[in-house]
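In: model this:
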Amino acid sequence: MERYTTEGLQRLNHLMSETDAAYHEAALRMGLSDSNMQILYTLCDRGGDCPLGEILALSGVSKQTINSALRKLEEEGNVYLEGMDGRRKRVCLTEKGKELVQGTVVRLMEIENSILDSWPKEHVELYLELTYKYLSALREKTRQL
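Out: Numbering: from 1, shown residues only. The predicted model follows:
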């Protein structure tokens with residue numbers, strides 16, 4: 001079979017996989033599943049509450065997986081759901097959930113910020129710009145499949 005990956009694509013795939021693995025390891029070290037970490041991260045980033053649809057859109061995780069993770073977080077007393085308008089729901093952190101976020105997600109965000117803060121500002125801007133360009137182009141081209 002012919003090989004289709006270039007050296008650049010191989011490196012990109014490796015880096016993306018290793019980044020995913022690092023976040024997975026962080027979640028495990030803090031006693032969270034990847035999907036719970038995604039939900040709690042989004043809630044923390046949004047100030048403690050967020051429409052469920054936004055969590056689904058930002059996480060990249062299937063609706064079924066997010067709903068299953070939410071049920072577990074709800075059973076543990078970390079989140080609750082409240083109605084918005086129509087069938088839409090908002091996910092909210094409880095006080096217990098806020099404590100959990102402080103000991104997990106906030107620690108991860110502090111690590112992420114310390115890494116970005118250690119880079120020159122122009123490197124951060126370039127990294128974000130190129131990542132956005134790649135993602136936008138990938139989305140556009142995969143819509144054509």
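In: mind checking pLDDT for the residue nearest the centre of the chain?
Out: Compute the mean C-alpha point of the chain, and by CA atoms, centre = their mean the closest residue is Q38, 4.4 Å away. pLDDT recorded at Q38 is 95.
In: Quick check: which element contains the nearest residue to Y80 once chain neighbours are set aside?
Out: Excluding its sequence neighbours, the residue lying closest to Y80 (CB to CB, 6 or more residues apart in numbering) is C92, at 5.5 Å. For glycine as for every other residue, the C-beta is placed from the backbone atoms N, C-alpha and C. Counting by DSSP states H and E, the element that carries C92 is strand 89-93.
In: what's the distance between S33 and K121?
Out: 35 Å (CB to CB, to the nearest Å).
In: May I have the phi/psi pair for the nearest residue to the residue nearest to the centre of the chain once chain neighbours are set aside?
Out: Distances taken as CB to CB, 6+ apart put S59 closest to Q38, at 4.2 Å, once the chain neighbours are dropped. For S59, the backbone dihedrals (degrees, to the nearest 10) come out as phi -80, psi -30.
In: quick one: S59 and S35 touch, right?
Out: Yes: contact criterion CB atoms under 8 Å: S59 and S35 qualify, at 7.4 Å.
In: Now the common contact residues for those two.
Out: Common contact partners of S59 and S35 (CB atoms under 8 Å, 6 or more residues apart in numbering): I66.
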